[in-house]
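>>> Sequence below, structure please.
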Amino acid sequence: MQNKNKTVVKSMDVLNLFLTYSKLSFNEIVQVSGIPKTSVYRMIGSLEEMGFLQKDETGKYSLGLSFLQFGHLVAERLDIRQIALPIMETLQNNVGKAINLIIRDGNEAIYIEKLDTNEPVRLYTAIGRRSPLYAGACSRIILAYLSDKEIDHYLETTELKPLAAGTITDKNKLQEILKTARRNGYTISHSELENHTTSVAAPIFNYKGEVIAGLSIASIDLHFQKENLPQYIEKVKTAATEISQNLGFNVNN
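Numbers count the residues shown, from 1 in each chain. A predicted model of the protein is given here:
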């Protein structure tokens, strides 16, 4: 890792900007990235030529068609996504809320599939978005089912930074919530990644019984009242179990 090509690294820094911004002008790329203009000019030219960036009539850049091709291949090769998608669609039809599928990537979670809602107010989630394992129900349910050793190491080495009004930043409180989540088979978050939002999530396991993903129902707080919360919990747990079984998990073990 010490021999990273600097040009490649800087090019990835530029491309990573588009995980947050849908479109950027040349000057905005320079400003946000902090990379010198001459370097950005050369990189953008190469990335545009290869189809990784494209420029519209206003002069703003966005991710190019090459990413659709690569993204399609990655999506096809993610068996969990293929298995989960029809079950997610059924769940979304039943509850009418946003449905998210997240997998672990180191100390973060990454969204690999989402089904949006037709509600007027929507949450900001997108395929490829990352979140820390400690924040948000869908991320935290993965953390809850890691080994005790992994959880202890994570808590010892991770700074719990506030991301929204309800982000849990107390490690003792987080540890108790993780224990409760493992005991109950689900977890709930309130305004942890975005204010005024609620999410309920359940774990997905592989044939070895290892947690490999999280499945969540998410919406604005108003839609998660005491009277309907139990049904959302049961539905997301049932859907996650079905996905796990299709991945070879034996629920009786």
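>>> how about the strands in the stretch 151-253 of the chain?
187-190, 197-205, 211-220 (DSSP state E, counting those that start in this stretch).
>>> For the stretch 101-250 of the chain, just list every one of the helices.
Secondary structure of the stretch 101-250 of the chain (DSSP state H, counting those that start in this stretch): helices at 137-144, 148-157, 171-184, 229-246.
>>> just the angle between the shortest one and strand 197-205, please?
When you say that, I think you mean helix 137-144. 40 degrees (axes from the mean of the first three to the mean of the last three C-alpha atoms, to 10 degrees).
>>> So which residues make contact with helix 137-144?
For helix 137-144, contacts defined as C-beta atoms under 8 Å, 6 or more residues apart in numbering pick out 100, 102-104, 108-109, 131-134, 151, 154, 177-179, 181-182, 186-189, 192, 199-203, 211, 213-216, 218. C-beta here means a position set from N, CA and C on the backbone, and glycine is covered the same way.
>>> just the second one next, same as before
Counting contacts by C-beta under 8 Å, 6+ apart, the residues outside helix 148-157 that touch it are Asn107, Leu133, Tyr134, Leu143, Ala144, Leu146, Lys171, Leu174, Gln175, Leu178.
>>> ok, now with 7 Å
Asn107, Leu133, Leu143, Lys171, Gln175, Leu178 (C-beta atoms under 7 Å, 6 or more residues apart in numbering).
>>> What residues of it count as buried?
Ile151, Tyr154, Leu155 (16 or more other C-beta atoms under 10 Å).
>>> right, and out of those, which lies closest to Lys60?
Checking the buried residues of helix 148-157 against Lys60 with C-beta to C-beta, the nearest one is Tyr154 at 39.0 Å.
>>> can you tell me how far the closest one sits from Leu101?
21 Å (C-beta to C-beta, to the nearest Å).
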